[in-house]
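Asker: could you work out the structure for the sequence below:
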Amino acid sequence: MFVTRKPQDADLVERLDPGYWHPEYDRVMSECAVPLEPLGPYIEHITYGAIVTGQKPILDQDGVYLIGQGALLHTGVRLAECPRIRADSPWVLERSQVREGDLLLARSGTGSLERNRLAVYRVGES
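Answerer: Next up is the predicted model:
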């Protein structure tokens, strides 16, 4: 769900999620659902990205993508929205390097609460 506050009226809240405005959204989406299978046989290991407090990453246009949960879209991972950072920064951990076919899940905040907030990483995403 996305919420914006209009500056001219602090009490006026505009909701932008389609499920709020159109009651048929959930029904239509459920008709488009694909068959599901348990992930168990496909999981090699589970890990998470770095948690670094009190610092900001140093940007490097040729560096490693820092994939945040905002980059996880229903259609995949949008790398164009991700900053690139130095490869020697504390955010770049070997255990959490993304590989082709990895399933990425938002682990906290609004991203994790939104239904279906996950994406499969494919090389060459934009």
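
Asker: hey, let's count contacts and neighbours off CA atoms from now on
Answerer: Will do.

Asker: tell me the mean pLDDT for the longest strand anywhere in the chain?
Answerer: Secondary structure of the chain read by DSSP state E shows that its longest strand is strand 59-65. Across strand 59-65, pLDDT averages out at 93.

Asker: parallel or antiparallel, which strands does the very next helix or strand once past that strand pair with?
Answerer: Toward the C-terminal end, the helix or strand that comes next after strand 59-65 (DSSP states H and E) is strand 72-73. Within its sheet, and counting by DSSP bridges, strand 72-73 is paired with strand 76-77 (antiparallel).

Asker: ok now the partner strand, how far from the chain's centre?
Answerer: 8 Å (CA atoms, centre = their mean, to the nearest Å).

Asker: wait, W91 sits on Q55?
Answerer: No: taking CA atoms under 8 Å as the definition, W91 is not a contact partner of Q55, at 10.2 Å.

Asker: just want to know which of these two has more residues nearby.
Answerer: Neighbour tally, W91 and Q55, criterion other CA atoms under 10 Å: the higher count belongs to W91, 20 against 7.

Asker: helices or strands next to the longest strand of the chain in the packing?
Answerer: Applying 3 or more CA pairs under 8 Å, 6 or more residues apart in numbering; DSSP states H and E, one finds that strand 59-65 makes contact with strand 84-85.

Asker: outline the domain layout of this protein.
Answerer: 1-33, 39-120 (automatic domain parsing).
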